[in-house]
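Asker: Show me how the following folds:
(one chain, ligands or ions: 1)
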Amino acid sequence: MKAEPLIAERATGEWQDLDARHYLHPFTDFKSLAAEGTRVITRADGVYLYDTEGNKILDGMAGLWCVNVGYGRKELADAAFRQMQELPYYNSFFKSAHPPAIELARRLAALTPPQFNHVFFSGSGSEANDTIVRMSRRYWDVRGEGERKVIIARHNAYHGSTVAGASLGGMAAMHGQGGLPIPDIVHIEQPYWFENGIDLSPDEYGLMAARRLAEKIEEIGPQRIAAFIAEPIQGAGGVIIPPDTYRPEIQRICRHYGILLIADEVVCGFGRTGRWFGCEHFGFEPDFMTLAKAITSGYQPLGAVMVADRVAEVLIEQGGEFHHGYTYSGHPVACAVALTNLRILEDEDLVDRVRKEIGPYMQKRWAGLADHPLVGEARGVGLIGALELVAHKPSRTFFRDRGRAGTICRDHCFSNGLVMRAVRDTMIIAPPLVISREQVDELVEKAWKCLDLTARDLGAGGA
Ligand code: PXG
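Answerer: Reported below is the predicted structural model:
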């Protein structure tokens with residue numbers, strides 16, 4: 001006998017109607033979505049999504065950069081089910097804890113670079129970055145340098161949607177709403193060679209972009225700077241991969257001025273680049289790491305802040321009570337799912353597979369898309385990639401109406417069974433780490449076809 005469905009089934013139109021009437025979606029123009037009708041995804045397996053219309057869609061974005069072990073993992077469902085029966089919730093306030101949170105803290109200390117032996121849990125990446133804002137300022141306070149409050153971030157970075165997360169982020173559209181950023185958060189240029197490099201080589205430009213940090217520190221006064229935050233590779237900003245010269249220079253500047261270096265690993269963490277963490281790919285040593293998303297492969301909401309020993313020792317030995325915490329800090333079900341997810345990543349050697357096998361294969365196929373007349377650059381690392389759509393290839397000239405080509409291309413992808421995101425006119429992908437070679441071929445072939453359709457539309461409509 002077929003089990004009763006968990007949620008009663010409805011026709012697509014009925015879901016769309018209810019959705020339009022009651023559900024405010026994230027990052028959405030509510031009115032235009034209501035007019036268009038939402039796509040309703042009902043199930044997923046491996047790298048494929050299925051919607052209420054019976055369409056099968058290759059998920060080139062691993063959900064939202066998170067479903068690293070792929071969909072349909074029964075082990076993760078079992079872990080949640082068993083933990084919910086054993087202890088569905090308890091907090092870590094008031095001198096309590098529970099085995100899943102303690103065990104996950106131990107595992108993360110072992111898995112992350114050697115300077116990290118302590119972790120603070122949150123429910124999301126945004127909350128984790130909020131925690132770092134508070135913790136880094138608290139660190140300087142305890143050290144008697146309370147004037148150090150300023151956190152330097154970058155334009156077009158994404159660090160979340162809470163007030164502190166959106167302030168750290170450098171998204172102009174977000175800052176345009178609600179009085180952001182909050183005081184003492186400032187932004188410098190992003191290391192986006194394709195847009196800003198002009199006639200410099202990537203290496204020359206990387207050094208120049210890194211030196212913007214030193215200039216900003218000098219402008220504000222080094223005695224006022226608490227920290228610098230950056231994603232190893234900017235994800236939501238359009239998969240912006242810094243030139244090789246950028247990171248060593250950033251590390252040197254942070255050490256020179258003694259400021260804390262924060263790596264937001266929410267997108268890069270847990271194998272995306274072919275290393276466990278993006279800082280290992282680029283070879284730098286942060287004092288904080290923000291983790292979320294693939295920590296549970298998105299099966300449960302969970303975020304974490306890794307705190308380096310030099311910071312943790314000050315907070316522990318001299319800090320007294322740190323007045324900060326969330327109801328769901330170290331949620332037992334999320335932690336149990338994270339532990340099982342980490343075991344899958346290890347047992348199936350998924351991170352090494354990205355570095356040695358499927359990553360190089362995807363990058364080779366992806367690079368072939370640069371031959372398309374619409375593509376000004378194809379770039380990528382491991383299982384993350386971007387295409388720059390341009391009006392004129394030899395001169396790297398963007399379209400005048402920026403964002404239109406990307407939107408057209410994204411819509412063609414959806415209609416042709418592929419999720420490929422558009423950020424302005426940059427097309428981006430980050431598929432599950434379990435993607436096969438055949439599925440990479442399917443992804444690249446569909447992408448080529450949709451680039452053709454986009455070129456046709458732009459040609460017809462005038463670029
Ligand atoms: N840092 C980074 C680098 C992120 O990518 C966050 C922090 C915030 O995490 P939470 O769990 O609070 O969402 C993110 C989230 C997009 C998109 O359009 C990306 C994110 C979220 C929403 C949309 O690519 N990343």
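Asker: Check the protein for the residue nearest the ligand and tell me.
Answerer: The minimum distance from the chain to the ligand, using C-beta to the nearest ligand atom, falls at Gly125 (2.3 Å). C-beta here means a position set from N, CA and C on the backbone, and glycine is covered the same way.
Asker: wouldn't Ala370 be in contact with Glu377 here?
Answerer: Yes: at 6.7 Å, Ala370 counts as touching Glu377 under the criterion of C-beta atoms under 8 Å.
Asker: joint contacts of the two?
Answerer: Leu387 (C-beta atoms under 8 Å, 6 or more residues apart in numbering).
Asker: Could you list the low-pLDDT ranges of the stretch 51-200 of the chain?
Answerer: Residues of the stretch 51-200 of the chain meeting the criterion pLDDT under 70: none.
Asker: Alongside the ligand, which residues does it contribute?
Answerer: Near the ligand, the residues belonging to the stretch 51-200 of the chain are 64, 124-126, 129, 158-160 when assessed by C-beta under 6 Å from any ligand atom.
Asker: try 5 Å this time
Answerer: 124-126, 158-160 (C-beta under 5 Å from any ligand atom).
Asker: related to what we said a few turns ago, state the number of residues packed around the residue of the chain closest to the ligand.
Answerer: Each residue near Gly125 was counted by other C-beta atoms under 10 Å, and the total is 30.
Asker: Identify the residues contacting it.
Answerer: 159-160, 165, 264, 266, 290-293, 303.
Asker: Burial check on the closest residue to it other than its chain neighbours, number of neighbours?
Answerer: Counting by C-beta to C-beta, 6 or more residues apart in numbering, Gly125 lies nearest to Ala292, which is 3.5 Å off, once chain neighbours are set aside. Close neighbours of Ala292, defined as other C-beta under 10 Å, add up to 29.
Asker: What of Ala430?
Answerer: Using other C-beta under 10 Å, Ala430 has 29 neighbouring residues.
Asker: so it touches Leu383, yeah?
Answerer: Yes: counting by C-beta under 8 Å, Leu383 is a contact partner of Ala430 at 6.4 Å.
Asker: any common contacting residues for the two?
Answerer: Joint contacts of Ala430 and Leu383 (C-beta under 8 Å, 6+ apart) are Arg272.
Asker: domain parsing for the chain?
Answerer: 39-69+349-458, 75-347 (automatic domain parsing).
Asker: Check the burial of Thr52 by counting its neighbours.
Answerer: 17.
Asker: That one reaches Trp15, doesn't it?
Answerer: Yes: counting by C-beta under 8 Å, Thr52 does reach Trp15; the two are 6.3 Å apart.
Asker: Which neighbours do those two have in common?
Answerer: Here Thr52 and Trp15 share the contacting residues Val40, scored by C-beta under 8 Å, 6+ apart.
Asker: how far is the longest helix along the chain from where the chain is centred?
Answerer: Using DSSP state H, we find that the single longest helix of the chain is helix 437-461. With C-alpha atoms, centre = their mean, to the nearest Å as the basis, helix 437-461 stands 25 Å off its chain's centre.
Asker: Which parts of the stretch 201-350 of the chain are strands?
Answerer: Using DSSP state E, counting those that start in this stretch, the strands of the stretch 201-350 of the chain run over 225-230, 260-264, 288-291, 303-308.
Asker: And for Lys95, the neighbour number?
Answerer: Residues near Lys95, counting by other C-beta under 10 Å: 5.
Asker: Just say helix, strand or coil for it.
Answerer: Three-state call for Lys95 (DSSP: H, G, I helix; E, B strand; the rest coil): coil.
Asker: Any figure for the gap between it and Tyr246?
Answerer: Using C-beta to C-beta, to the nearest Å, Lys95 is found at 44 Å from Tyr246.
Asker: do the same with Leu374
Answerer: Here the criterion is C-beta to C-beta. By it, Leu374 lies 28 Å from Tyr246.
Asker: Looking at these two, which is more packed in?
Answerer: Taking other C-beta under 10 Å, Leu374 and Tyr246 do not tie; Tyr246 has more neighbours (25 against 22).
Asker: Thanks a lot, see you next time.
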